[in-house]
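# what's the 3D shape of this:
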Amino acid sequence: MLFEALAMSVAVLAIVNLGYRWKKSAVWFAGACLAYLLATLFFFDPTFSSYWLRPRAVLIVQSLLLTLLAQAAATRSWSAVAFGSSSLLATLIAFAIIQAEPIRVYFSDYPHFREQYAFESMEQRAPAPRKSSGDENLSPAVRERLEIEETIVGERERAVMLKRLFEEPGDIFINSPGAGQVRHNLPNQFNLRIDPLPKIPLAQPVPAAKVPTFAAELGSEPAEKLRMSLLGLHLSAVREFMNRDGFGYVKDRAHVAGFQPHGFRWAPMSDDWKLQRLELVSVLRHDPPIVIVSDMLPRLDLADKEKTRPLNPFEQAGLKSLEAGEDWFVRESPEGTRMVGAIRSLSQCATCHGCRRGDLLGAISYWVTK
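All right, here's what the predicted structure looks like:
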């Protein structure tokens, strides 16, 4: 941080001035400080790429300037007062050099970034659940899976950078590169940008017109091994659909920056199953719930343009099971295996959706074959 850099630079300044005042080699003192700082960067930080982004950047520039200054002062026999004043000026120049970049970014780039990633409201786009029971009705296994998914999602760098973009300017300078840890990098076009969703959505493996007519009976429950492999397929599909890098920064439901709609970039895959079709079950925006029908893999930015249909008996039974706390509902039939899997709120989703952790936000209806 800036205060830590200030304290260390004062120590370097004092050591060099004492060396000069005591007729010791100030050049040696300043050079030793510079060598130590460079050595710790190179040998103790194998990811070193650019010292401008490291916490010792101010001290490196300061030590370099003091080394040159001490050499010139010794050659010209400056007084201790003259050297002290000049070394203080050199220290201020070191801070100015390092702080010039965050100042330029704040006044030049930030207005553009704030406009590009402006706050928008999710209150209409993501209605809060009508029923909210959180994780109270969930089994220990489902709660454990929630924790695993929350760990996988984690805190995305892009969300951290967007948050910094809208923080107070004082915090930007205090935690700027060269004055703090590497995690305090400034927002820029590289860590804010996210690849857009494809202009042409991905096609469903099987179009809606070719879906077979399933028997009225729900079918039989498959063996546990097959059920668990289907759960793996569903969890990978939910991760892909969530588009976690597109979450953005959520200050509250009315202020979300940099959000990119949920949607599939790739079709989920499994070594054990062949995906024939998957459809999104809309729970939050429709009462009663409906299924969004498209020959393209589901994307929320296109959902309002797609056809819809009511839930079939299998999907109704599956949704009822999910509302009771299950993660997935599977049945086998001669036409193939069908599954309805839950999309539940993670802790990272709760603020934007206005819900509690574990709430049912939607579901995915699958048709798969071996």
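# after whatever helix or strand Gly84 lives in comes which helix or strand?
For Gly84, the host element (DSSP states H and E) is helix 80-104. Helices and strands here follow DSSP H and E; after helix 80-104, the next one along the chain is helix 110-116.
# Check which helices and strands the very next helix or strand once past that next one is in contact with.
Scanning forward in sequence from helix 110-116 by DSSP H and E, the next helix or strand is strand 119-120. When contacts are defined as 3 or more Cβ pairs under 8 Å, 6 or more residues apart in numbering; DSSP states H and E, strand 119-120 sits against strand 255-257. C-beta: built from backbone N, CA, C; applies to glycine.
# which helices and strands sit right next to the strand it packs on?
strand 119-120, strand 249-252.
# next one: the longest one to chain centre, how far?
Put plainly, it is strand 249-252. 12 Å (Cα atoms, centre = their mean, to the nearest Å).
# That one packs against which elements?
Strand 249-252 packs on helix 157-165, strand 255-257, helix 350-353, going by 3+ Cβ pairs under 8 Å, 6+ apart.
# and that strand, which residues are buried?
With burial defined by 16 or more other Cβ atoms under 10 Å, the residues of strand 249-252 counted as buried are 249-250.
# In its sheet, which strands sit next to it, and in what direction?
Strand 249-252 sits in its sheet next to strand 255-257 (antiparallel), going by DSSP bridges.
# Need the contact partners of the partner strand.
Contact partners of strand 255-257, identified using Cβ atoms under 8 Å, 6 or more residues apart in numbering, comprise 117-122, 162, 165-166, 248-251, 352.
# Show the average pLDDT along the helix or strand following it.
Next along the chain after strand 255-257, taking DSSP H and E as the criterion, comes strand 274-282. Mean pLDDT, strand 274-282: 95.
# Pull the distance from strand 274-282 to the chain's centre.
That offset, for strand 274-282, works out to 26 Å (Cα atoms, centre = their mean).
# hang on, the earlier thing: could you export the helices and strands packed on strand 249-252 to TSV, including columns for mean neighbour count and mean pLDDT?
Shown next, in TSV, are the helices and strands packed on strand 249-252 (neighbours: other Cβ atoms under 10 Å; pLDDT from 0 to 100):
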stretch	mean neighbour count	mean pLDDT
helix 157-165	19	87
strand 255-257	20	93
helix 350-353	18	89
